[in-house]
Each structure stands twice: as C-alpha cells, then as structure tokens.
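Q: sequence first, predicted model second:
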Amino acid sequence: MCGIIGYVGKRDGLSILLKGLERLEYRGYDSSGIAILQNKTIKYVKKAGKVEELKSSLKQSPLMGKVGIAHTRWATHGEPNDINSHPHLDITGKIALVHNGIIENYQDLKKILYEENINCVSDTDSEVLVQLISLIYNKSNKLSFQDSVRAALKEVVGAYGIVVICSDFPEMVISARMGSPLVLGLGDDEYFIASDASPIIEHTRDVIYLDDGEMAVVNDNKYYISNINSKKIISKVVDSIDLSIQEIEKGEFSHFMLKEIFDQKHSITDTMRGRLNFKDGTTFLGGIIDQIESIKSASRIYITACGTSWHAGLIGKHLIEYYARIPVHVEYASEFRYRNAIIDNDTVLLAISQSGETADTLAAIKKGKNKGALVLGICNVVGSSISRVTDAGIYTHAGPEIGVASTKAFTAQVTVLIMLALKLGRKMGIAKTKGKKIIQSLNKISKDVAYILNSYEDIKKVAEKTSKAENFLYLGRGINFPVALEGALKLKEISYIHAEGYPAAEMKHGPIALIDEKMPVVILAPHDNTFLKILSNIQEVKSRKGIIITITDRPNSELTNLSDYVLIVPKTHQHVFPITSSIILQILAFELALLKGCNVDKPRNLAKSVTVE
Ligand code: M6R
C-alpha cells in the first residue's frame, strides 16, 4: 500500500510529482504530501484526504524546485491526519523521507531515539527511520549520507520502499527496497523513482526494477545501484516498459472500474492471444513450457493468493482436478505462510496475483521456495515482484487494472487457469474433442461479453430495484461457488452492503435463517449437472419470500416463474460460465455502489495493492 515517488532533473518537480501522485493514488488515498528542495532547504506540504486536497493546499503555497519526493498514504500506524502524512522530516529539517511498508521494530528504534533526546512528532513507524538516519548522519563524521542511510536500514526489521532527500546534497535522491516495490526511471538528464511504472511512463520507457536489498543513488545526473549491506555495485538490466498512457487513463468512462468491466470485451482475448491450439484441442503456455513435466508428476499443487485472486484459485482447483486429476489445495497466502503445510520437492506452489506485489502472497512464495517446491506465478503486472521471484509463470495480459475492485484481472486469471488445466489435461490424456469443446467456447468469448454488456440496462434495473437492501446472499454450486464468493466480495468492497457467498446447498445449514422478503439472493444457475439441484435451492428461497435474482445461460420457464429477475449470459461451456456470469455480478455491484453514492474506484479503507502484512 502507499505510493511513493521521487524526482531529480531539470524540470519543475512539483507538477511531475503531483501528476505522479494521481497515478499512484489507487495504492492508498487517505492522505498525501510532497517535499521539494527549494534554494537548498526542504519545503513541504502534507494533507489528510485525497491528492485533490493536497493540490488545493499547494495552490495557496506552491513549492518550486527540481528535486523532490511525494507520497500517497494508506495508513497502518497512526490515523490519517496531516502530521502522520508523509514526507517525514528529521529534527533538523534537512532530511525528508517517504516510506511504503511497515517498520516492525519501530518501538525499539523509538527508544534509541528517545535516549538521544529525539522525540517523534507523528504516530507513524516511518518517521522513526528518518530520525534514525539523521541521528547516524549527524553523530558520525565518518559516514557519508548514503552510508548513514545504509546504517539506519540495517537496524530496520520489516518492509520498506523508501525515497530520501537531504538539503546538504541538493542533486541527490536515495531510494532503497526491502519488500515494497520500486522502479527507477531513466530519462534524459532526469530520474524518477516510484512504487510502480505508472507515473514514469509519460517521461521515459527505460526502467530498472530494484530488488530486495538494493539501494539506488542518483546524484549529479548519474546513478548507481548497490547492495544495501555490502555496498557492492550491482549491474542491472534496463527494461523497456510496454504500456500506453491510454491504458492507465479513464478515457470516456466515468470510473476506472467501469472502463475495466468494458475492457473485458477484448482483455480476455488478449489473455488467450497465441495460446489456443484449435487443431489439437490444447493450449500453448510459453512461460511454463519447461515446467509442464514437473507439474504433471507433482504429488500436489497448492494454489495461494488473496481476495479475488484466491477466488480465481478456487475455480482453478476445480478445473485442474477435473482435467488433470492432480490434487489441488487452495490456501489464503496469509494463512499458508504461517502454517506447517506439507511442502516438498514434489510440490508445486502456484501463486496468483494481479499486482504481483501482495505481501502475503510474496511471503507464501518464499516459504514454498525454501521448502523446495517448484513455484509458479499467474500475474498481471509485468516485472512485478511475484513475476520475478517465481521460477516460471504465466502473465494474464489483462492490461493495467486501476479500480480497486478487481474485474478484468479476475476473468483473465480464470482464463489462464482454464488454459493451464486444459494443457495439463491433454498431457494427461484427456480426449482432443474435450479440449476442442472448451476452446470453441473460449474463442467466442468476446461476443459473449459484448452480449452481456449490451444487457447493461437490464442489470442496472435489478440494482435499482434492490438498492435499499442491507444484505445480499450469493449462491452457486461446484465451480460457481467461488463465483458467488467473488460476487459478494465485489458488492461488499465497493458498496459497503453486507454480502455473503455460499455453496447453494449449504444455505440450509444456517444462512437460510436470514432469508425474508427483504433479502435479495443472487443465484448462479447454469444448465449444467447441478441445474436440478439449484432449482430446488431456488424453491427453498422462494418459500421464504427471498428476492430471487437468477443468472443463467438460456431462458427457462421454470426459472422465470420462480425468479424475480432473470439475467442471461450466452450459452457457453460449463467451465466458461464463471467468466461470463461474473461480469454480470461486477455490473450489479458497480451500479449498487453508484446508487449508494459510494466512491467506486477508491472505496473506504482499501487500497489496490496490499504490500503490508
Ligand atoms: O494483487 P492481488 O491479486 O494479489 O490482490 C489480492 C487482493 O488484495 C485483491 O484481489 C482484492 O481482494 C481486491 N480488492 C478484490 O477486488
């Protein structure tokens, strides 16, 4: 969480940093701040609230300079107020720092500072670090500023991505990474350092991704990267970012989430591009081509992820076990990282993450690696930490997802999992015809998505009719149970309406007690082998006067009679239905959130990328 950015160059730093903050705001938006070196002194403005608030304050007291740092916050330690906002300054006012991560031993460090008569002014863990750097720098006349930063970082337990400036070195910006992402952008006589590439791409395409334990020092229009502890210089590859500005802007849409829902007309096809083999009823997944035999012979696969990606993982379990008959366990990364799971050399750990930066998922990967598992990733963000620490992986290629609620990344993840399961299944001997069948459905998915988007008004009407409800229940069976979970999560996170996803048959073991005439129940009812069972579940809801919203794949008079609302997706393969039906659930959640006046792209308390534990 939190977005950080630094700039050093020849241009007006303020506008570059402010634009950068807007691009990074999806990472956290409870407060923000900016510090600029102005006539060799550090000037700063920081404000609780969104970047917009900071911009208004800066209109009254603008900052001018060509070197600066900025931060948009998702609070961990200390409430979101002006004082706790970053940048934090040391007691001399000569050093400023922005931080993304958590300094776990900040209380111990605070004690050391206290003994030196240094009192922190904020409640944050981050301020401790700038005061410690300052203490070391001012106390030791032997250490350079860079080495003082190194010395302070050696004392830190926890995760950080930091950018630091010091008024004694008006051309210098120092950044360092341990657990929180940082990208260095190399422009013409200018440098950018940010939590991700989005604020950099309009200035340069050349970037270096810092790895854990690395420090980048930019000074006098030169840079070097070194190991924080050993000081050894590290030679890094300069990557070129392949991302257009349009992809990270809303364009004609009112919200990023809406844009991303509509993007699915082409994003799912982008995920599959060059990967479907129609002739042989299989798929081609270049990223894991050398790992297929190891996966095939694995004794078990663990899928690990968080949130929406975990829901995709549950669908993946269903698919891999169905096609490839390899046992799959799906685990929340936050649980997996701390439990004594059975992991050995025959284990495959498959991590799924849109951002590729989720702290718990990264920790789960580390655990899998240490215990000898083959670690694979399914990631959306190219060059992200997860994509770099896994042994191999498959990119989802859904394009940048900026709305906090995951939409197109989810459908892309499920698409990759279908392709992976099919690949393994064909290798394990399932019939070509079986493979061809699902490929046929995948091949027409753009049309199916277009059909669903054309029925937008029908979905919106359902939202209008149910917008007063305080609770929603989502039901699905088999592969559609995770879709129910995902529908409920979407609604909760952006509309703050309480919602629960349940396997439809489990309803009678408890949740049925909640059903009355005020409770909308969204039921996934494709015409697959669960259909008759689902019909019985719908009857059960009907008998208790629940408001029935059915999502199915063809008109059915019995469903129409039982349901208050029926929403239809085009007929498709039973394993593709989770993709198309989830788009209806995304639209329903979006419209309900709008009706409630919620900030859909920046829901309260959330951030897009959860880089803290
Ligand atoms: O980037 P990741 O896929 O690792 O993120 C995992 C979750 O934080 C994420 O899916 C979250 O649940 C979304 N807000 C859901 O819409």
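A: It's in. Residues are numbered from 1 along each chain as shown.
Q: could you look up the SS state of whichever residue of the stretch 501-613 of the chain sits closest to the ligand?
A: Distances between the stretch 501-613 of the chain and the ligand by C-beta to the nearest ligand atom are smallest at Val610, namely 4.6 Å. Glycine gets a C-beta too; all of them are placed from N, C-alpha and C. At Val610 the chain is in coil, as set by DSSP: H, G, I helix; E, B strand; the rest coil.
Q: list the contacts of it.
A: Met1, Cys306, Gly307, Thr358, Ala359, Asp360 (C-beta atoms under 8 Å, 6 or more residues apart in numbering).
Q: pLDDT score for it?
A: Looking at Val610, its pLDDT stands at 85.
Q: so how far is Ala363 from it?
A: For Val610, the distance to Ala363 equals 12 Å [C-beta to C-beta, to the nearest Å].
Q: same deal with Thr415?
A: Distance, Thr415 to Ala363, by C-beta to C-beta: 27 Å.
Q: of those two, which one has the most company?
A: Thr415 (25 against 19; other C-beta atoms under 10 Å).
Q: hmm, Ile497 and Asn471 touching each other?
A: Yes - look at Asn471 against Ile497 with C-beta atoms under 8 Å: they come within range, at 7.1 Å.
Q: comparing the two, which shows the higher neighbour count?
A: Just comparing Asn471 and Ile497: by other C-beta under 10 Å the higher neighbour count belongs to Ile497, 21 against 16.
Q: wait, isn't the more buried one in contact with Glu470?
A: Yes - assessed by C-beta under 8 Å, Ile497 is found in contact with Glu470 at 6.6 Å.
Q: other SSEs contacting the one helix or strand Leu362 maps to?
A: Per DSSP states H and E: Leu362 is located in helix 359-370. If you count contacts as 3 or more C-beta pairs under 8 Å, 6 or more residues apart in numbering; DSSP states H and E, helix 359-370 packs onto strand 300-305, helix 333-336, strand 347-353, strand 374-379, helix 385-389.
Q: which parts of it are buried?
A: Across helix 359-370, burial judged by 16 or more other C-beta atoms under 10 Å covers Ala359, Asp360, Thr361, Leu362, Ala363, Ala364, Ile365, Lys367, Gly368, Lys369.
Q: wait, what's in contact with the residue of the stretch 1-150 of the chain found nearest the ligand?
A: Closest contact between the stretch 1-150 of the chain and the ligand, by C-beta to the nearest ligand atom, is at Met1 (9.9 Å). Residues in contact with Met1, defined by C-beta under 8 Å, 6+ apart, are Arg27, Gly28, Trp74, Thr76, Asn100, Ala607, Ser609, Val610, Thr611, Val612.
Q: also Lys571?
A: His527, Asp553, Arg554.
Q: can I get the buried part of those residues as one ChimeraX selection?
A: Command for ChimeraX that selects the buried part of these, burial taken from 16+ other C-beta under 10 Å:
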select :527,553
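Q: and stretch 3-22, end to end?
A: Taking C-alpha to C-alpha, to the nearest Å, stretch 3-22 runs 10 Å from one end to the other.
Q: now do the phi/psi pair for the residue in the chain that the ligand sits nearest to.
A: With C-beta to the nearest ligand atom as the measure, Gly307 is the residue of the chain nearest to the ligand, at 1.9 Å. Taking degrees, to the nearest 10, you get phi 50, psi -130 for the backbone angles of Gly307.
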